[in-house]
Every structure is written in C-alpha cells, then in structure tokens.
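1. The following comprises the amino acid sequence and a computationally predicted model.
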Amino acid sequence: MFHRTLPGFIEVICGSMYSGKTEELLRRVKRAQIARQKVQVFKPQIDDRFSVDHVQSHNANRIISHPVARSIDILELVENNTRVVGIDEAQFFDEAIVDVAQKLAYRGIRVIVAGLDMDFRGQPFGPMPRILAVAEQVTKLQAVCVVCGAPASRSQRIAGPTGIDAEKVLVGAADLYEARCRFCHEPEGDGLAPDFTKLPSSKK
Ligand code: ADP
Ligand code: MG
Ligand code: ZN
C-alpha cells in the first residue's frame, strides 16, 4: 500500500479579514522553501490591492505570486518539480478552483488554500465551502473585533454599497472593511442578527 506515502493533500486557511490568513500562508510557504521544496503561489487577478505579482499580508510580509484570471490557468502554470502550491484570496476564484486544487493534490502536490470563509454579510463565500469540504486539513483563524476586542470571525463592510444586492466582490483593505465578532457584526438584509432579548445576560 505504497500510496500512503504520497504527499498530495489540501490544507485550507480560512477566517475573516485581518485574521492572519496571508501571514499563515506565507509562514507555511517559507518553511517549505527552507526544506528546499519548490513552491509556487497564485492569486486571482482581481486582487490588485498592493502588487500584481506578490502576495502581501496586512503587516507587509510578501512573496512573489502569479496573478491568474481563471482557476484552470493554474494547472498549466504549475511546473513539474513544484512540490507546494499556495493559493491566496481563493474566495474570488471561480468554482473550478475546487477541481483544480483536487487535481493538484492527486498529482502529489501539497496545496495550501487561503481565503475568506464568509463574505461581508456572513454568508459562505464563493467556492470556499466546497474547498473546505474536500480539504484534508482546515485552519480557521480569528482576527480581533475592532468594536469590543473579542475574537472576530466576520468582516464588516464600513464603506461602499452594503445592501442585500451589493456586489460581493469589492476588494480593499482598511478603509472598506473591519474585523468584528458575531455580536458586533451587522450583516444587513439576511434576517440573521443577535437577539439581545433572549441572551442569558439580558434575562431578568
Ligand atoms: P488576512 O490575510 O487574513 O486578511 P493578514 O495576514 O494580511 O490577514 O494580516 C494579519 C495582520 O493584520 C495581523 O497580524 C495584524 O498585524 C493586522 N491587523 C490589523 N487589524 C487587525 C485586527 N482587527 N485583528 C487582527 N489583526 C489585525
Ligand atoms: Mg490575506
Ligand atoms: Zn465584538
């Protein structure tokens, strides 16, 4: 049963904005490079916040990455001797990213996928739910709620359109979003909100 020694698998790093997904992706990539494994990092072309050819975290760590328009382009771009593939901002990719990650894993590649698990309304984001379902390992990170200081699982849009029909894809950093916990998050329009009358602390 020598297949047990094959290295291909999928790891997901998810969480809200500012939860440290890119930092964690970069940490794993750097360790692979220390182990002299060839690494390639990809991101969707839509994310051009900081640089078109780097993956960059909010604390300015960065690594060279390849912007791609469609997820299937990744299959062509991965070189034969590549052992580790990193994919950042995976929530912005098309649904085919799930099969792309699976095919890479079946080629024996360690696939590290980082992305937002929820959009600013607190709903599952793009292909992330399906990637999470097929991954071998999942890490869910939390940021710090800017309102109350609790661990934050959600991203609050604080500028631009926020209604139920607002475009989900609005790429941006500090000026557009902030990290909030479940109770400070105001998702708008989906009927899901804290019921303060039923919380234990508010019962008489
Ligand atoms: P992500 O990729 O998940 O958006 P990054 O890895 O780019 O996150 O950035 C994480 C860093 O953002 C943290 O190490 C910290 O320096 C910074 N940061 C800014 N605001 C917050 C916050 N509200 N909670 C946690 N970290 C924050
Ligand atoms: Mg990031
Ligand atoms: Zn809070």
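-> Yep, that arrived. Ligands and ions are numbered 1, 2, ... in the order given.
2. So is the longest helix along the chain next to ligand 2?
-> In the chain, assigned by DSSP state H, the helix with the most residues is helix 21-34. Yes - using Cβ under 5 Å from the ion, we find that helix 21-34 touches ligand 2 at Lys21, Thr22. (Each C-beta comes from the backbone N, C-alpha and C, glycine too.)
3. Please apply the same query to stretch 5-19.
-> No - using Cβ under 5 Å from the ion, stretch 5-19 never reaches ligand 2; the gap is at least 7.5 Å.
4. Does that stretch reach ligand 3?
-> No - legend: contact between stretch 5-19 and ligand 3 by Cβ under 5 Å from the ion is lacking; minimum distance shown is 11.5 Å.
5. Just the buried residues of that stretch, please?
-> Gly8, Phe9, Ile10, Glu11, Val12, Ile13, Cys14, Gly15, Ser16, Met17, Tyr18, Ser19 (16 or more other Cβ atoms under 10 Å).
6. can you tell me the residue of this protein closest to ligand 2?
-> Residue of the chain nearest ligand 2, by Cβ to the ion: Thr22 (3.2 Å).
7. and the gap between that residue and Gln142?
-> Applying Cβ to Cβ, to the nearest Å, the value for Thr22 to Gln142 is 15 Å.
8. Tell me which of these two has more neighbours.
-> Thr22 (23 against 17; other Cβ atoms under 10 Å).
9. Okay, buried residues for the longest helix of the chain please.
-> For helix 21-34, by 16+ other Cβ under 10 Å, it's Lys21, Thr22, Glu23, Glu24, Leu25, Leu26, Arg28, Val29, Ala32.
10. Quick check: which helices or strands does that helix pack against?
-> The contact analysis (3 or more Cβ pairs under 8 Å, 6 or more residues apart in numbering; DSSP states H and E) places helix 21-34 against strand 9-15, strand 38-44, strand 54-56, strand 62-64, strand 82-87, strand 110-116, strand 137-141.
11. which one of those is the most hemmed in?
-> Neighbour counts (mean count of other Cβ atoms under 10 Å) averaged over each of the helices and strands packed on helix 21-34 peak at strand 110-116, with a mean of 26.
12. The next helix or strand after that strand and ligand 1 in contact?
-> For strand 110-116, the following helix or strand on the C-terminal side (DSSP states H and E) is helix 128-134. No - figure legend: helix 128-134 not in contact with ligand 1 (Cβ under 6 Å from any ligand atom); closest approach 13.0 Å.
13. same check, this time on stretch 24-42
-> No - Stretch 24-42 stays clear of ligand 1 (Cβ under 6 Å from any ligand atom), getting no nearer than 6.9 Å.
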